[in-house]
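>>> build me a model from this:
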Amino acid sequence: MTTASRIKKHRQVQRSDHTTIRYTASGPTGGPFLALIHGWACDRGDFDAVTDHLPEDHRVLAIDLAEHGESRSTREVWTMEEFARDVAAVLEAESVDTAVVAGHSLGGAVAVEVGRLLPDTVSQVVALDALHYLSLFPALSEEQAEATVRAFRTDFAAAVRGLVEGGSPAGTDPALKDAYAEKMAAVRQPAGLRAIEGLVRWDMDAALRETRQPITVFAIRDLVTREAIDRYRDRLDIVLIDLGSHHFPVEAPEETAKLLSGARF
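All right, here's what the predicted structure looks like:
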């Protein structure tokens with residue numbers, strides 16, 4: 001492991017005429033490759049410190065999904081499958097043969113879809129506090145989905161605050177929660193709203209049936225229900241961790257890097 005800052009090169013790939021995906025590449029081009037996908041209303045900068053603690057021989061690609069961070073798009077489709085195509089475009093641009101794909105929160109759903117889209121390229125999917133929230137995964141009923149989206153349409157900032165509070169165990173620093181809520185509430189619109197709608201309408205069970213890679217979920221212990229563990233124990237390797245809040249990659253980058261280093265490259 002290294003604690004020295006890596007040399008990071010900022011790159012972009014064009015997806016047809018409607019989407020430009022920007023990403024950061026670091027490490028030797030020989031791999032092993034690790035693709036990092038941020039959560040909803042976040043950006044690739046969340047992985048800067050994590051990347052610095054990863055093994056020096058890893059080729060790390062930290063990706064801004066469309067209309068997040070520095071990526072831009074005028075497209076009309078905001079599904080998890082379409083976000084997966086953003087990631088696939090980066091992997092193609094980097095001539096990746098084999099990669100571990102890791103995603104935080106919504107990025108975990110996207111990582112599953114990347115695995116489904118590229119079964120011969122993705123060796124393992126890693127979800128960072130994702131996939132186990134039964135209030136979002138799997139797809140909600142139409143009534144539940146509409147109620148969730150309506151809350152964001154009615155008072156976006158308050159709905160974002162609710163997400164942050166729900167992902168914050170007792171004792172989480174209030175200043176951290178304020179910072180997360182402020183950052184996420186500033187997501188570019190209308191893509192931010194459309195993306196959360198795409199998430200709540202994503203059918204995780206259907207996706208898992210067609211995803212053949214092993215899937216490891218690193219889940220904050222205080223945020224996991226017994227029901228979720230029992231429901232998905234045969235499909236997901238759920239590893240309980242104590243590294244802070246839902247946003248633990250930001251709060252515990254060195255420990256997060258250690259978790260990622262054990263992936264099946």
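
>>> from here on, contacts and neighbour counts on C-alpha atoms
OK.

>>> the stretch 51-200 of the chain: helices as residue ranges?
With DSSP state H, counting those that start in this stretch as the definition, the stretch 51-200 of the chain shows helices at residue ranges 80-93, 106-117, 142-154, 156-166, 174-185, 191-200.

>>> which residues touch the first one?
Applying C-alpha atoms under 8 Å, 6 or more residues apart in numbering, the contact partners of helix 80-93 are 12-13, 15, 21, 23, 63, 65-66, 109-111, 113-114, 117-118, 198-199, 202.

>>> returning to what we had before: deepest in the core, which of the helices of the stretch 51-200 of the chain is it.
Across the helices of the stretch 51-200 of the chain, averaging neighbours per residue (mean count of other C-alpha atoms under 10 Å) puts helix 106-117 on top, at a mean of 27.

>>> list the residues that contact residue 229.
By C-alpha under 8 Å, 6+ apart, the contact set of residue 229 is 132, 238.

>>> is it in a helix, a strand, or coil?
When classified by DSSP: H, G, I helix; E, B strand; the rest coil, residue 229 comes out as helix.

>>> check the gap between it and residue 35 for me.
According to C-alpha to C-alpha, to the nearest Å, residue 229 stands 26 Å off from residue 35.

>>> residue 116 too?
Counting by C-alpha to C-alpha, the gap between residue 116 and residue 35 amounts to 15 Å.

>>> turn the helices of the stretch 51-200 of the chain into a markdown table, columns for mean pLDDT and distance to residue 260.
Supplementary listing: the helices of the stretch 51-200 of the chain in a markdown table, determined by pLDDT from 0 to 100; distance: least, C-alpha to C-alpha, whole Å:
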| stretch | mean pLDDT | distance to residue 260 |
| --- | --- | --- |
| helix 80-93 | 98 | 18 |
| helix 106-117 | 98 | 13 |
| helix 142-154 | 94 | 32 |
| helix 156-166 | 97 | 24 |
| helix 174-185 | 98 | 23 |
| helix 191-200 | 96 | 24 |
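
>>> now render the ones you listed as TSV, adding distance to residue 257.
Formatted as TSV, the entries for the helices of the stretch 51-200 of the chain read as follows, by distance: least, C-alpha to C-alpha, whole Å:
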stretch	distance to residue 257
helix 80-93	20
helix 106-117	16
helix 142-154	33
helix 156-166	23
helix 174-185	21
helix 191-200	26
